[in-house]
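1. The sequence isn't on hand, but the structure is:
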């Protein structure tokens with residue numbers, strides 16, 4: 001004999017439990033801020049090495065970039081990204097913060113002598129911009145995932 005359908009209150013409770021479980025899973029899979037800070041510092045170091053226009057600077061840039069890639073691959077707790085139109089547009093908007101800063105550093109901060117302060121300035125400008133980009137992107141995805149604000153084909 002088939003079971004009777006659940007009452008409205010039982011169905012509502014089950015939906016609430018499902019939402020709570022999804023929210024807990026997303027929050028548990030958040031990327032820690034220290035990983036974003038480390039990635040931002042590595043990108044700042046890479047950018048500083050890139051603008052040194054020397055072989056040691058290029059080696060520093062490559063090593064920092066590889067370490068940043070390893071960090072990104074090894075620290076991934078949640079697979080997939082939101083790739084619907086809103087997610088891609090938001091990602092582009094957040095990346096603009098870092099990109100504009102990186103381009104302006106290369107165009108505006110021109111120091112033919114390349115003093116040590118120049119490298120400190122490049123690092124001090126690029127690192128917070130990249131950190132802001134990474135944290136904004138993570139907060140956006142967590143907010144949408146906890147709300148269930150995506151369709152079945154919006155994650156890759």
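-> Arrived safely, thanks for sending. From a predicted model like this one, the values you see are computed outputs, not experimental measurements.
2. As a check, name the ranges of all helices in this structure.
-> All helices of the chain, identified by DSSP state H, fall at 8-28, 33-50, 55-74, 85-108, 116-147.
3. and these as TSV, adding mean neighbour count?
-> Every C-beta, even on glycine, is put in place using the N, C-alpha and C of the backbone. Shown next, in TSV, are the helices of the chain (neighbours: other CB atoms under 10 Å):
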stretch	mean neighbour count
helix 8-28	11
helix 33-50	20
helix 55-74	14
helix 85-108	14
helix 116-147	18
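4. and residue 156, which of these is closest to it?
-> helix 85-108 (9.7 Å; CB to CB).
5. Would you mind pulling the contact partners of that closest one?
-> 47, 51, 81, 121-122, 125-126, 129-130, 132-133, 136-137, 140-141, 144, 150, 154 (CB atoms under 8 Å, 6 or more residues apart in numbering).
6. elements contacting the helix or strand bottoming out on mean pLDDT in the chain?
-> Every helix and strand of the chain was ranked by mean pLDDT, DSSP states H and E. The lowest is helix 8-28, at a mean of 74. Helices and strands touching helix 8-28, by 3 or more CB pairs under 8 Å, 6 or more residues apart in numbering; DSSP states H and E, are helix 116-147.
7. Which strands and helices lie in contact with the helix it packs on?
-> For helix 116-147, the packing partners by 3+ CB pairs under 8 Å, 6+ apart are helix 8-28, helix 33-50, helix 85-108.
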